[in-house]
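# Could you work out the structure for the sequence below:
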Amino acid sequence: MHTVNRRRHGFTIRSMHAVAEPHAFHYLSQRASFWIAALSVIAYIAGNMMGQYGWHTFWASVLGKTDDSLIVYTGTVTPIAQVPDYSRWSQYGGNVKEHTFAQVPSTLRMSLPKYSAGSADADDPSSVYSMGHLGSYATGAENSGSHVGVDIRVPTGTPIRAVMNGIVERVDTTGNGGLGIMVMLRHPNVPDPSDPKKTTTLYSIYGHLNSALVTQGMIVSKGEQIGYSGKTGFATGPHLHFQMDRGEAPWHPYWPFTGTEQRNAGLTFVAAVDQGLNQADGKKFTIQPMLYVQANFPAARQTIASASPEDVPQVRLQQSQGSVAPLPTLRPSRATRVASRKESRIALRGRQVVAVNTAPSTASVPTAVLSRSTVVTASPEQIPVLVMPSGFTVEISHDGSFTGRGWEEVRIRILDASGEVVRNPDLSSDIYLRTAFGEAEFRPAQLSAFDFERGAVTVQMLPRGRRTVIIEAKPFGVTSKPMVHGEN
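Predicted coordinates for the structure are as follows:
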């Protein structure tokens, strides 16, 4: 009840009903500028959450890096699945420096050979490994220098994959450094090569790429494709530089000597590598990458006692000797198998891929065809190539402009010679969406025959910045009309 004292008149007035004081929002509701400002802030936040940065970047900025406990170790794979059979390919005129992975017929491809301490040979063009761990440019032999990691001789456009589950720690798309276009992954909670029953953090580095298919902060699954090989940076020919750093290395990617140390020693870069400058530091902060992934250690929580003695010999990675004891086939636990199947399903659905404007050549992706692959009859001076039937093409359509506030729809269709839609395209390989000009993100960026419904598929595209975007469908080389920034 509201009471008013009237002392001058000597009486008190009492109200029969309580009087509600105006709320703060009562005053704010009278101010249109307040609500305009509030709605603008909400619209700005919502636009950024749906735009190019998204919730992932927002929460990453709030919470920091991805929680490492979310990354489960499920074994390892090699960084490359297939390479040319160089002995057979050379009979058709195939050459790793002149031809691309797309020009290697599937019948002339083989699984990446097993690495051993004597595998590397810098002078043998038929050798898949041109540089061994801590090798030299003179011979490439293991422990003959201070070149950390292994160089794998492969044609431009060879698919590169993550060797373990991990987080994309860094992507360098400028190509200006010694490793050129480079991807670095962080792998927490993985078996320590010195004692596989313990866990540690390792970093895997993939250098001299032609293009990268991942961005910083992404979580990648074992075997997921992260880029295509090339010869960017300090490289005399196309190859993959593959190295693995220990978590305690002072920097990543780690190299045994700095430019200052090299100059103080009075050596050129090549001479410093050949003379093994600071080789001991290379052994301390890096590991033999190929022997580690080939070992495919069981998860650290699976102890030796969980298996029968005849199935589990002692396992150790001898980094200095460049050898590894035979590893038994150990059946993983049910939890590990469930996690592995889950990650396989995620990988099959595909992940977001950023098209980096690095102007890759048409060799950056495998050749796709609309019917079963055929080999052109060729003389020994020529190499057989995979071709697609004439008269078929890919059509890329959109509304011609983008606002920069959200995702845009892009329509992809496959047409025959008469311009009719091919309702059931038979793709023996996938179609890859990139940008011929500008930068954009596609979901999905890789299309298979299963993605097409009645011969068409709608793709979501998020332009980055205000530059005009021109979309390209690899390997067909078909480009879209320009999509410019502005209202329709």
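
# Show the pLDDT at Pro193.
Listed pLDDT for Pro193 reads 95.

# Identify the residues contacting Ser127.
Tyr86, Ser119, Ala120, Asp121, Arg153 (Cβ atoms under 8 Å, 6 or more residues apart in numbering). For glycine as for every other residue, the C-beta is placed from the backbone atoms N, C-alpha and C.

# Also His187?
Counting by Cβ under 8 Å, 6+ apart, His187 has contacts Ile71, Tyr73, Met164, Asn165, Gly166, Thr201, Leu202, Tyr203, Ser204.

# Pull the number of nearby residues for the fifth one.
For Gly166, the tally of surrounding residues (other Cβ atoms under 10 Å) stands at 29.

# and what of the first one?
When neighbours are counted by other Cβ under 10 Å, Ile71 registers 20.

# Quick check: the gap between it and Gly237.
34 Å (Cβ to Cβ, to the nearest Å).

# Could you do the third one as well?
When distance is defined by Cβ to Cβ, Met164 is 28 Å away from Gly237.

# Who has more neighbours out of those two?
Met164 (25 against 14).

# The spatially closest residue to that one that is not a sequence neighbour: helix or strand, and which one exactly?
In space, not counting the residues next to it along the chain, Met164 is nearest to His187; the distance is 4.8 Å by Cβ to Cβ, 6 or more residues apart in numbering. Using DSSP states H and E, His187 sits in strand 181-192.

# if I pick Met182, what's in contact with it?
So Met182 contacts Arg170, Val171, Asp172, Ile205, Tyr206, Gly207, His208, Leu209, Ala212, Gly233, Pro253 (Cβ under 8 Å, 6+ apart).

# Is the third one in contact with Gly178, as I believe?
Put plainly, it is Asp172. No: at 10.4 Å, Asp172 and Gly178 do not qualify as touching, with contact defined as Cβ atoms under 8 Å.

# Neighbour count: these two, which is higher?
Shown here are Asp172 and Gly178; by other Cβ under 10 Å, Asp172 has more neighbours (20 against 15).

# partner strands of the longest strand seen in the chain, parallel or antiparallel?
In the chain, assigned by DSSP state E, the strand with the most residues is strand 195-212. As defined by DSSP bridges, the strand partners of strand 195-212 come to strand 181-192 (antiparallel), strand 225-229 (antiparallel), strand 240-246 (antiparallel).

# who wins for proximity to Lys481 among the ones you listed?
The minimum distance between Lys481 and the strands paired with strand 195-212 falls on strand 225-229, with 26.4 Å, by Cβ to Cβ.

# What would the closest one look like as CSV? C-alpha coordinates only.
Output in CSV follows, covering the C-alpha atoms of strand 225-229 (Å, rounded to 0.1, in the frame of the first residue of the first chain):
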residue,chain,number,x,y,z
GLN,A,225,42.5,-36.6,-47.2
ILE,A,226,44.1,-33.3,-46.3
GLY,A,227,45.7,-32.2,-49.6
TYR,A,228,47.5,-33.0,-52.8
SER,A,229,51.2,-33.4,-53.3
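
# averaged over its residues, what pLDDT does it have?
Average pLDDT, strand 225-229: 96.

# number of nearby residues for Pro475?
When neighbours are defined as other Cβ under 10 Å, Pro475 has 23 of them.

# hey, C-alpha coordinates of the helix or strand containing Arg411 in PDB?
Using DSSP H and E, Arg411 falls within strand 408-415. What follows is strand 408-415 as a C-alpha-only set of coordinates in PDB (Å, rounded to 0.1, in the frame of the first residue of the first chain):
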ATOM      1  CA  GLU A 408      24.800 -19.300 -51.200                       C
ATOM      2  CA  GLU A 409      23.200 -22.100 -53.300                       C
ATOM      3  CA  VAL A 410      25.100 -23.500 -56.300                       C
ATOM      4  CA  ARG A 411      23.500 -26.000 -58.700                       C
ATOM      5  CA  ILE A 412      25.700 -28.700 -60.300                       C
ATOM      6  CA  ARG A 413      24.400 -30.700 -63.200                       C
ATOM      7  CA  ILE A 414      25.900 -33.200 -65.700                       C
ATOM      8  CA  LEU A 415      24.700 -32.700 -69.200                       C
END
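
# Sheet partners, orientation included, of the next helix or strand after that strand?
Later in the chain than strand 408-415, the nearest helix or strand by DSSP H and E is strand 431-437. The pairing partners recorded for strand 431-437 under DSSP bridges are strand 446-447 (antiparallel), strand 470-474 (antiparallel).

# what comes up buried for strand 431-437?
Buried positions in strand 431-437, judged by neighbour count with 16 or more other Cβ atoms under 10 Å: Ile431, Tyr432, Leu433, Arg434, Thr435, Ala436, Phe437.

# now the angle between strand 408-415 and it, please.
For strand 431-437 against strand 408-415, the angle between stretch directions is 120 degrees (axes from the mean of the first three to the mean of the last three Cα atoms, to 10 degrees).

# Can you give me the neighbour number for Ser33?
Ser33 - counted by other Cβ under 10 Å - has 8 other residues nearby.

# correction: Asp416
With other Cβ under 10 Å as criterion, Asp416 counts 15.

# That one touches Val422, doesn't it?
Yes: here Asp416 reaches Val422: they are 5.5 Å apart, a contact under Cβ under 8 Å.

# next helix or strand past the helix or strand of the chain with the lowest mean pLDDT?
One helix or strand of the chain scores below all others by mean pLDDT, DSSP states H and E: strand 353-355, with a mean of 37. Next along the chain after strand 353-355, taking DSSP H and E as the criterion, comes strand 393-397.

# Report the backbone C-alpha coordinates of that next one in PDB.
C-alpha atoms of strand 393-397 as PDB (Å, rounded to 0.1, in the frame of the first residue of the first chain):
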ATOM      1  CA  THR A 393      30.100 -31.700 -69.400                       C
ATOM      2  CA  VAL A 394      29.400 -30.200 -66.000                       C
ATOM      3  CA  GLU A 395      27.100 -27.200 -65.600                       C
ATOM      4  CA  ILE A 396      27.600 -24.800 -62.700                       C
ATOM      5  CA  SER A 397      24.800 -22.300 -62.100                       C
END
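
# show me what contacts the residue lying closest to Gly400 once chain neighbours are set aside?
Counting by Cβ to Cβ, 6+ apart, Met483 is the residue found nearest to Gly400 once chain neighbours are left out, at 6.2 Å. Residues near Met483 by Cβ under 8 Å, 6+ apart: His398, Gly400, Ser401, Phe402, Glu408, Pro463, Thr468, Val469, Ile470, Ile471.

# From the contacts of His187, pick the one nearest Ser229.
Ser204 (14.8 Å).

# Tell me how far the closest one lies from Pro256.
Here Ser204 is placed at a distance of 18 Å from Pro256 (Cβ to Cβ).

# Settle it for me: which of the two has more neighbours?
The neighbour count for Ser204 versus Pro256, taken as other Cβ under 10 Å, is higher for Ser204 (26 against 23).

# so what secondary structure elements neighbour the helix or strand containing Met110?
Assigned by DSSP H and E, Met110 falls within strand 109-111. Helices and strands touching strand 109-111, by 3 or more Cβ pairs under 8 Å, 6 or more residues apart in numbering; DSSP states H and E, are strand 82-84.

# Contacts for the strand it packs on, please.
Applying Cβ under 8 Å, 6+ apart, the contact partners of strand 82-84 are 94, 96, 101, 104, 108-113, 128, 152, 154-155, 158.

# The strands paired with strand 431-437: which one's closest to Ala138?
For those, the distance to Ala138 is smallest for strand 470-474, at 38.2 Å, taking Cβ to Cβ.
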